[in-house]
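**Q** no sequence on this one, just coordinates:
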């Protein structure tokens, strides 16, 4: 009787296992190529403001993430703000330009191997028509008193960069005019006044070199794309690309100080729906081939939202980038570091900051989404699974990035209440990775993971009691547990059938990078 019960239980377990396995089956053949891997995911990344880029710790963090994630461009606010010392008018009314701080910033970027995605703003106060500002560092958001002076400044800057770095180098940059002019907080003028600001800047840049790339409108909420294209077309204004922003929360729009609770959208098409809508708008316009750059995106638009720190964010990033696909030429994550002072210097080590790293350089789970993406091979394989990317390098090696994205925020609870907790995930069964078309022989299998208590510094920080500030020992401890280092590395053999099977126990919002490299 006992044996019969044991046999029945074993049969039930086999059936249950098969049912779970059938729910997630990643089956790819190295001989079935989809094409080159679209690397728009690491085309660009954001940073808070230009003056922060003069800090040694900011520069060190950028160099590290450039190495690990491969970001090629960086965009930031405040290039022309007063703390960069760019513009003044003397007692005789003479204009003076000073690009020394800008030079120090850009020199360092190029030395690191990352180029500027130039945001032209905000308004130097000596040129501004008003005193309305935004952020702790008081970026002036008013139109210029004299648009001709604005145009001369932009032309002078473009000529300075051309002389310093060469036309070929500057032609590889992008010039974006202003930031979120459809929000009153960021632009005190009208849409027509923004178009005027844009036109003067675009003509100044093209006067220096017709090869230089200029675009906009850098709007919030995927707005003004048809209007921007229509205005440029009707008025013969240069427009080489369009740009805009989107975030994945449902309420409010600008929460500079993080005083309003935000709620992660339950809409599965959040982020991606905006991108695909913009792509359709471009296709229906007079300039159907325009590149589309999302120069800001994230789960939330507030720098005080613990979704940014949570292990959930890694899977969220991968899910949204996969849904976007090639509809945008770039998706610039906002931002790479918590060295970010829109609301002033922060008093907490983890405060829901936008960054992929915190102020001390501790890597958040989101960091590893980009590190793992950057580790993928250059050729994408055909793959019917919607939450994975499978690649090969053409030398018989395979790299598969897979994740589970599960929306776990309960109804009636906001992000600031929920994501600050220790949040153990539910099991999701096994994910079966089956690789075919391999050459028989020995391979090194490497497995890397990010998720709950795996490269998860924030949960470890919660274990510490969420101290507002960290000791040196605590910083060292948290850095040591969030390195992205593989959790498994061993030798496996592929038989004559050229197939390799591997099962991974998957939990909510887990991310795995599976690498199979031939041993020589």
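**A** Sure thing, it's come through. Nothing here was measured: the structure is a model prediction, and the numbers come from that model. Numbers count the residues shown, from 1 in each chain.

**Q** for the stretch 251-400 of the chain, what spans make up the helices?
**A** For the stretch 251-400 of the chain, the helices defined by DSSP state H, counting those that start in this stretch cover 272-283, 312-324, 365-374.

**Q** of the ones you listed, which is nearest residue 103?
**A** helix 365-374 (28.6 Å; CB to CB). Where you see a C-beta, it was placed from the backbone N, CA and C, and this is true even at glycine.

**Q** got the angle between the closest one and helix 312-324?
**A** 40 degrees (axes from the mean of the first three to the mean of the last three CA atoms, to 10 degrees).

**Q** quick check: domain ranges of this structure?
**A** For the chain, the structural domains run 2-36+379-518, 40-374, going by automatic domain parsing.

**Q** just put those domains in a markdown table and tack on mean pLDDT and mean neighbour count.
**A** Putting those into a markdown table (pLDDT from 0 to 100; neighbours: other CB atoms under 10 Å) gives the following:
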| stretch | mean pLDDT | mean neighbour count |
| --- | --- | --- |
| domain 2-36+379-518 | 89 | 16 |
| domain 40-374 | 96 | 20 |
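
**Q** how long is stretch 385-402 from one end to the other?
**A** The first and final residues of stretch 385-402 sit 9 Å from each other (CA to CA, to the nearest Å).

**Q** and the nearest residue to residue 430 once chain neighbours are set aside, what are its bridge partners?
**A** Spatial nearest neighbour of residue 430, excluding adjacent residues (CB to CB, 6 or more residues apart in numbering): residue 503 at 4.6 Å. Beta-bridge partners for residue 503, by DSSP bridges, are residue 432.

**Q** relative to residue 511, how far out is residue 503?
**A** Residue 503 is 16 Å from residue 511, where distance means CB to CB, to the nearest Å.

**Q** ok, now residue 186?
**A** Counting by CB to CB, the gap from residue 186 to residue 511 is 34 Å.

**Q** and the closest residue to residue 174 other than its chain neighbours, which of the three is it?
**A** Closest residue in space to residue 174, ignoring its immediate chain neighbours: residue 117 at 4.7 Å, by CB to CB, 6+ apart. Reduced to three states with DSSP: H, G, I helix; E, B strand; the rest coil, the structure at residue 117 is strand.

**Q** so who does residue 117 touch?
**A** For residue 117, the contact set (CB atoms under 8 Å, 6 or more residues apart in numbering) comprises 44, 73-75, 173-174, 176, 293, 295, 332.

**Q** now the two most distant members of the residues you listed.
**A** By the measure CB to CB, these have their two most distant members at 173 and 332, which lie 14.1 Å apart.

**Q** for residue 506, see how far away the nearest residue to residue 510 once chain neighbours are set aside is.
**A** In space, and not counting its chain neighbours, residue 510 is closest to residue 451: 3.9 Å by CB to CB, 6+ apart. Distance, residue 451 to residue 506, by CB to CB: 9 Å.

**Q** elements contacting the strand or helix carrying residue 449?
**A** Element membership for residue 449 (DSSP states H and E) is strand 441-450. Secondary-structure packing of strand 441-450 (3 or more CB pairs under 8 Å, 6 or more residues apart in numbering; DSSP states H and E): helix 365-374, strand 488-494, strand 500-507, strand 511-518.

**Q** the last one pairs with which strands, and in what direction?
**A** According to DSSP bridges, the neighbouring strands of strand 511-518, each with its direction, are strand 398-403 (antiparallel), strand 441-450 (antiparallel).

**Q** surely residue 201 forms part of a helix?
**A** Yes - assessed with three-state DSSP, residue 201 lies in a helix.

**Q** my read: it touches residue 155, true?
**A** No - contact criterion CB atoms under 8 Å: residue 201 and residue 155 do not qualify, at 9.0 Å.

**Q** re earlier: just send the helices and strands packed on strand 441-450 back as CSV, with distance to residue 127 too.
**A** Output for those, formatted as CSV (distance: least, CB to CB, whole Å):
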stretch, distance to residue 127
helix 365-374, 37
strand 488-494, 58
strand 500-507, 54
strand 511-518, 47
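
**Q** tell me the contacts of the residue nearest the centre of the chain?
**A** Central residue of the chain (CA atoms, centre = their mean): residue 333, 1.9 Å from the mean position. Shown in contact with residue 333 (CB under 8 Å, 6+ apart): 45-46, 297-298, 317, 356, 366, 370.

**Q** now with 7 Å, please.
**A** Going by CB atoms under 7 Å, 6 or more residues apart in numbering, residue 333 touches 45-46, 297-298.

**Q** likewise for residue 436?
**A** By CB under 7 Å, 6+ apart, residue 436 lies in contact with 29, 498-499.

**Q** rewinding a little: overlap in contacts, residue 451 and residue 506.
**A** Common contact partners of residue 451 and residue 506 (CB under 7 Å, 6+ apart): none.

**Q** rewinding a little: the strands paired with strand 511-518: which one's closest to residue 224?
**A** Nearest to residue 224 among the strands paired with strand 511-518 is strand 398-403 (33.1 Å), distances taken as CB to CB.
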